[in-house]
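> Here is the input, now give the coordinates:
(chains A and B)
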Amino acid sequence: MKAVLLGATTGMGRAIARQLAARGEELFLLGLAADDLAKSAADLAARSPSHTTVGFAECDLEKPETFAPALEAAEAALGGFDAVIVTAAMFATQDALEEDVELARRLVTVNYANTVVFCEHARKRLLARGGGKLVVFSSVAGERGRKPVAIYGSSKAGISAYLEALDHKFYEQGLRVLCVKPGFVRTGMTAGLKAPPFAGEPEEVARTVIAAMDRGDSVVYAPRVWSAVMTVIRALPRAIMRKVSF
Amino acid sequence: MHTNAVTSESAKASDATRDEDRRPMGTIMGWGRLGVAGRETFSEDLAKVTRGANLSRGLGRSYGDSSLPAAATDRVVNTVLANRVLSLDEEAMVIRVEAGASLVELNKLLIPRGLFSAVTPGTKFVTVGGMVASDVHGKNHHREGCFGEHVRSMKIRLADDSIVECSPTVMPDLFYGTIGGMGLLGHILEVEFELRRIPSQWIWMESERVDDIDSFVTALNTAAPKFPMTMGWIDCLNRGKRMGRGILMAGRWATESEAKRDAPFELPHVTVPIELPNLALNAFTAQAFNSAYYWRHLSRTKLGLVGPETFFYPLDAMLEWNKVYGPRGFTQYQCVIPRHAGPPAVRAFMELLTRLGGASPLCVIKDCGPEGRGTLSFPLEGTSIAVDMAVSPDIQRIVDQLNEFVIETGGRIYLTKDRFTTAAHFRRMEPRLDRFVALRDKYDPRRRIRSAQSVRLLGD
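Residues are numbered from 1 along each chain as shown, chains lettered A, B, ... in the order given. Have a look, this model is predicted:
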């Protein structure tokens, strides 16, 4: 596999990249800052059985003009790629987003509009080579309109709907779209937030996601128990959702 | 519920700070489970979060208050997410990592490549930053010295917020002060250290039943020149003739031809699910455990191959074993008694220890090689004894009496295990203290970097 990863310098993306590197996949990293990318590239090369060099290019989800050149660089370095994995996104608590609507605008733009644009660039390149895997991290927060994730969750609902449609539209042409819906996972992003029951670890999520990707699944919950949790939450009537705090 | 924040990095720092201040105050604990109120900041980006911070901590395996904040409002950075390997040169056997990289992860990476840290402590759940700050030692101390002996270079965030790279030749005072310096001279960001080539993934171990404490000191001395790794477990509940009976373990990496073809099969870890009641570990259960442990070793000597997990980290197989001491928490008393004080001093120490009680089932005995170069590094040539103790109302009196004895012999205690030593005792046992205080005056005159332990033992 030749995979391009956006957002793999931290958290779940880091865990996925490490597991792919350890099994010898060829990787290319996209992210914000070259010096940070270089450190992650070194980390991955050290874990690769044959010390395969990992290339990288700067790419900022807030700057759509960086998308095409970054993917171009990846294509050149890998000699074409057959998987694109997007873990990058923005997070802020509902309180912070309500206090600062400009932050809310940025978050929704990054998580929805700009992620769609990035995926459009990526899937065109994948389809041009006969298909491949497009793996994008959405969230269980996008499953249902909920009080603590009203704004963040809506951006994830949008991206989930888009990914489902991509799957319907391009499946026949060989594109395998995987929408990842993580529950609460202990990463730098959630540090300090009170962990709910069923909180997961990034390494466990990475194993689940890579297995789903290998199988060609279209949706995966990680940790898996969140699939059951969300089935319950989706079934709750509005009258109850208005009362509860989750 | 959240994906990674590539772009949130570009979110204004003020957003992050505001969110952080909103977080509820939690409890920060050392391995002895005596917690204090505080709040930790986790981040992959240590250079960012250590700016203005008061203390860095890793996996929290120091028993006492070394990694606890002096005040609930102190800014504590947790390094565990900063865990990248920045370079690995298998030929030169040198690795450079971020401070939060843990030995458990590094072992997984290095052992299959035929490499291993030159020094490992008795748990793999430690970060490299913590290994430097404690200047950890292992079963091979008599051969390899402490971990700090193998560190080549470090990147450190100083209290004035500058970031420097130090080594034995560049800012050597900072370098050696940081080795064993309990993180008090600066926040360790990156560490470059030497590895050792291992001939196989197996350890050749020879173990021997030893009848009493005098035989133990002799047996350790005899084993030291023959084996790169030695240590012993002593039953410290027995008094009189059988005082100090136990099991001596000596080992070396097995050669390629001795080793089994397959990698060692390590049993999965189990977790102590709940904090057991205080009474679960009492004199009776401890005695039963010890006798079972001792007599399991039926033949006087045993030899054979074991995996490195079994050899180096026997207690790691039971995750969160510290919960067996119950809500009262526990501490460890580890001291080193200098060689020149002789075996009678070790016997006298064991007599005092068993007389004072404390009901700790086992203690660990190890002979140490020469003192390292870290300004406050713990080991010195002699016999180290480590014993767990439940925190009882008597604990202060017990630690004080043990300290009085150790000071008389010219020995000292290991700060990484300590919670109860008084400032007065510490001053008396630590002739190098003035040198360390001078380093703090130089690198952190306003004492921005501090821990509960530094305030207890150094006053600030």
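> Which parts of the stretch 101-250 of chain B are strands?
Ranges of strands within the stretch 101-250 of chain B are B:115-117, B:151-157, B:163-166, B:187-197, B:203-210, B:229-235, B:246-253, based on DSSP state E, counting those that start in this stretch.
> Please enumerate the helices of chain A.
Chain-ordered helices for chain A, with DSSP state H as the definition, fall at A:11-22, A:34-47, A:67-78, A:94-99, A:101-108, A:115-128, A:150-170, A:202-215, A:225-235, A:238-243.
> which of those helices is buried the deepest?
Of all the helices of chain A, helix A:11-22 has the most neighbours on average by mean count of other Cβ atoms under 10 Å in any protein chain shown, namely a mean of 24. In short, each C-beta sits where N, CA and C put it, glycine included.
> Okay, residue B:206 and chain A: tell me how far apart.
Computed as Cβ to the nearest Cβ, to the nearest Å, the residue B:206 to chain A distance reads 34 Å.
> ok so, going back, wait, which of the helices of chain A is closest to residue B:332?
Among the helices of chain A, the nearest to residue B:332 by Cβ to Cβ is helix A:202-215 (30.1 Å).
> Identify the residues contacting that closest one?
When contacts are defined by Cβ atoms under 8 Å, 6 or more residues apart in numbering or on different chains, helix A:202-215 is touched by residues A:11-12, A:14-16, A:18-20, A:83, A:85, A:133, A:135, A:176, A:178, A:180, A:182, A:185-187, A:220, A:222-224.
> Tell me how many other residues surround the closest residue to chain A within the stretch 301-450 of chain B.
Residue of the stretch 301-450 of chain B nearest chain A, by Cβ to the nearest Cβ: residue B:319 (13.4 Å). Residue B:319 has 14 neighbouring residues, counting by other Cβ atoms under 10 Å in any protein chain shown.
> ok, the nearest residue to it once chain neighbours are set aside - how many residues close by?
Nearest residue to residue B:319 in three dimensions, chain neighbours excluded: residue B:271, at 4.2 Å (Cβ to Cβ, 6 or more residues apart in numbering or on different chains). By other Cβ under 10 Å, the residues close to residue B:271 number 10.
> who's in contact with residue B:106?
Contacts of residue B:106 by Cβ under 8 Å, 6+ apart are B:85, B:95, B:97, B:117, B:128.
> residues touching the closest residue to residue B:94 other than its chain neighbours, list them.
Once flanking residues are discounted, residue B:94 sits nearest to residue B:194: 5.8 Å by Cβ to Cβ, 6+ apart. Taking Cβ under 8 Å, 6+ apart as the criterion, residue B:194 is in contact with B:93-94, B:118, B:150-152.
> mind running it again at 6 Å?
B:94, B:118, B:150 (Cβ atoms under 6 Å, 6 or more residues apart in numbering or on different chains).
> Could you count how many residues lie near the second one?
By other Cβ under 10 Å, 20 other residues sit near residue B:118.
> I'd guessed it sits against residue B:146; true?
No. The pair residue B:118 / residue B:146 is not scored as a contact, 9.7 Å apart, by Cβ atoms under 6 Å.
> ranges for the helices of the stretch 151-300 of chain B?
Assigned by DSSP state H, counting those that start in this stretch, the helices in the stretch 151-300 of chain B fall at B:172-178, B:213-226, B:283-296.
> centre of the chain versus the second one, how much separation?
A distance of 23 Å separates the centroid of the chain from that of helix B:213-226, by Cα atoms, centre = their mean, to the nearest Å.
> Do me a favour and get the end-to-end distance for stretch A:193-205?
End-to-end distance for stretch A:193-205, by Cα to Cα, to the nearest Å: 19 Å.
> And stretch B:318-326, by the same measure?
15 Å.
> quick one: buried residues of it?
Within stretch B:318-326, the residues scored as buried using 16 or more other Cβ atoms under 10 Å in any protein chain shown are B:322-326.
> Parallel or antiparallel, list what pairs with the longest strand anywhere in chain A.
In chain A, ranked by residue count with DSSP state E as the criterion, the top strand is strand A:175-182. Its sheet considered, strand A:175-182 pairs with strand A:132-137 (parallel), strand A:219-222 (parallel) by DSSP bridges.
> relative orientation of that strand and helix A:202-215 in degrees?
Interaxial angle, strand A:175-182 versus helix A:202-215 (axes from the mean of the first three to the mean of the last three Cα atoms, to 10 degrees): 160 degrees.
> So for strand A:175-182, mean pLDDT?
Across strand A:175-182, pLDDT averages out at 98.
> got the angle between that strand and helix A:225-235?
Using the same axes, to 10 degrees: strand A:175-182 against helix A:225-235 is 80 degrees.
> State the distance from the closest residue in space to residue B:362 that isn't next to it in sequence to chain A.
Computed as Cβ to Cβ, 6+ apart, the closest residue to residue B:362 that is not its neighbour in sequence is residue B:233, at 5.4 Å. Residue B:233 sits 33 Å away from chain A, going by Cβ to the nearest Cβ.
> before we move on, what about residue B:202?
Applying Cβ to the nearest Cβ to residue B:202 and chain A gives a distance of 21 Å.
> That residue contacts residue B:261, correct?
No. Using Cβ under 6 Å, residue B:202 is not in contact with residue B:261, being 10.2 Å away.
> Give the burial count for residue B:115, as a bare number.
Residues near residue B:115, counting by other Cβ under 10 Å: 19.
> pLDDT score assigned to it?
97.
> and it, what does it touch?
Residue B:115 neighbours (Cβ under 6 Å, 6+ apart): residue B:195.
> Show me what it is bridged to.
Beta-bridge partners recorded for residue B:115 (DSSP bridges): residue B:197.
> got the contact list for stretch B:366-382?
With Cβ under 6 Å, 6+ apart, stretch B:366-382 has contacts from B:135, B:137, B:141-142, B:145-146, B:148-149, B:176-177, B:179-181, B:220, B:224, B:231, B:336-339, B:383-384, B:414, B:432, B:435-436.
> my guess is the residue of the stretch 301-450 of chain B closest to chain A meets residue B:313, correct?
No. Residue B:319 is beyond contact range of residue B:313, at 11.3 Å (criterion: Cβ under 6 Å).
> Which residues of chain A lie near chain B?
A:7, A:10-11, A:13, A:31-32, A:39, A:42-43, A:46, A:61-62, A:87-91, A:96, A:110, A:137, A:139, A:141, A:184, A:188-192 (Cβ under 6 Å from any Cβ of the partner chain).
> Now which of those would you call buried?
Buried members of these, counted by 16+ other Cβ under 10 Å: A:7, A:10-11, A:13, A:31-32, A:39, A:42-43, A:46, A:61, A:87-91, A:96, A:110, A:137, A:139, A:141, A:184, A:188-192.
> Lovely, talk soon.
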